[in-house]
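> Pasted the sequence and its predicted model underneath.
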Amino acid sequence: MSLFCLVHGAFQGAWCWDLLIPHLEAQGHKTVAMDLPIEDASASLSQFADVVIKALPKTDDDIVLVGHSMAGTVIPLVAQAHKVRQLVFLTALIPYPGTSTIDQFSHNLDAASLKALNYEPKDLSQLAKFDDEPDMFNPVSVGRDFSDEAVLIEIFYNDCQLDVMHWALAKRRSQQSLAYIFEINPLKSLPNVECKYILCTDDRIISPAWSRYAAHKRLGVDAIELPGGHCPHLSRPADLALVLTNRT
């Protein structure tokens, strides 16, 4: 049986896996989840990875590392430092070594938006390779205020049951660290580890078209598709557990 290490995305915490964990443990698997220091504006991707590594046992060699959304930028750093069997990118960003996330989608933003973000690319010639990629983010999410509860309902929790939605809103955390957007990822290359990518076809954050493209181009796999929105661990945990535990 596997140990599923569950790494949350922006605005969430270890709590967000509470509905998924019973389905994994019912199959005999172990789980571990942790709170990343997202309230710390100075927290880096490497600091996030260190928190994950500290939560992992040193003796288990069948570790499945699941990163949701933002955590797609973190889990490869963990796999570089700690042996894992598989990386699972769950409706997640996939880092491109030596660039930041905003480097990869800056061509989708107008000059005013880039100025508002105080972003100036270091070397335009190095970013041209991203010009032909599908838009990384669903246009409905770009420029939205995710501290606004109404935006979270529309974008994050649009397919959740009402009680789950209200619970998630009550548990939401303040996302102060923007390392996953602005920090140049320190990876030299993606780790040589088995990978899986799970997208959701009604994801209003990460574009499903980009997910299909990036899973194939960067990870060398075909994305597994689930219906629904950005947080399947909250909206359809039983279905997600079946996909996570399927080794084929």
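Noted; the coordinates are in hand.
> Could you use CA atoms for every contact and neighbour count after this?
Noted.
> what ranges do the strands span in the protein?
3-7, 30-33, 63-68, 86-90, 194-200, 224-226 (DSSP state E).
> Please convert those to TSV, extending it with mean neighbour count.
Below are the strands of the chain laid out as TSV (neighbours: other Cα atoms under 10 Å):
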stretch	mean neighbour count
strand 3-7	25
strand 30-33	18
strand 63-68	24
strand 86-90	25
strand 194-200	22
strand 224-226	16
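> got CSV for these, with distance to Asp40 and mean pLDDT too?
What follows is the strands of the chain, written out as CSV (distance: least, Cα to Cα, whole Å; pLDDT from 0 to 100):
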stretch, distance to Asp40, mean pLDDT
strand 3-7, 17, 97
strand 30-33, 19, 97
strand 63-68, 19, 98
strand 86-90, 24, 98
strand 194-200, 28, 98
strand 224-226, 33, 98
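> Can you add distance to Asp148 and give those strands back as CSV?
Shown next, in CSV, are the strands of the chain (distance: least, Cα to Cα, whole Å):
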stretch, distance to Asp148
strand 3-7, 23
strand 30-33, 26
strand 63-68, 21
strand 86-90, 24
strand 194-200, 23
strand 224-226, 27
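> and of these, who's closest to Asn158?
strand 194-200 (12.3 Å; Cα to Cα).
> what packs against the closest one?
strand 86-90, helix 208-214, strand 224-226 (3 or more Cα pairs under 8 Å, 6 or more residues apart in numbering; DSSP states H and E).
> Serialize those to TSV and add fields for distance to His166.
Shown next, in TSV, are the helices and strands packed on strand 194-200 (distance: least, Cα to Cα, whole Å):
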stretch	distance to His166
strand 86-90	22
helix 208-214	26
strand 224-226	23
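> Identify whichever of the ones you listed lies nearest to Gln27.
Proximity to Gln27 (Cα to Cα) singles out strand 86-90 among these, at 18.0 Å.
> can you state the direction angle for the closest one and strand 194-200?
Calculated by axes from the mean of the first three to the mean of the last three Cα atoms, to 10 degrees, strand 86-90 forms an angle of 10 degrees with strand 194-200.
> Can you tell me the strand partners of strand 86-90 and which way each runs?
Here strand 86-90 is paired, per DSSP bridges, with strand 63-68 (parallel), strand 194-200 (parallel).
> what's the distance between the last one and the middle of its chain?
What it means is strand 194-200. Offset of strand 194-200 from its chain centre (Cα atoms, centre = their mean, to the nearest Å): 11 Å.
> Send over it as CSV, restricted to the C-alpha atoms.
The C-alpha trace of strand 194-200 is given here as CSV (Å, rounded to 0.1, in the frame of the first residue of the first chain):
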residue,chain,number,x,y,z
GLU,A,194,6.7,8.6,-12.8
CYS,A,195,4.1,11.3,-13.2
LYS,A,196,0.3,11.6,-13.5
TYR,A,197,-1.7,14.7,-14.4
ILE,A,198,-5.4,15.0,-13.5
LEU,A,199,-7.4,17.8,-15.0
CYS,A,200,-11.1,18.8,-14.5
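> In this structure, where is pLDDT below threshold?
The model of the chain has pLDDT under 70 over residues 108, 110-117, 122-126, 248.
> circling back: could the strands paired with strand 86-90 go into CSV alongside distance to Ala81?
Shown next, in CSV, are these (distance: least, Cα to Cα, whole Å):
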stretch, distance to Ala81
strand 63-68, 13
strand 194-200, 15
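> Contact partners for the residue positioned nearest the centre of the chain?
By Cα atoms, centre = their mean, the chain has its centre lying nearest to Ser69, at 2.0 Å. If you count contacts by Cα atoms under 8 Å, 6 or more residues apart in numbering, Ser69 has them with 8-10, 89-93, 206.
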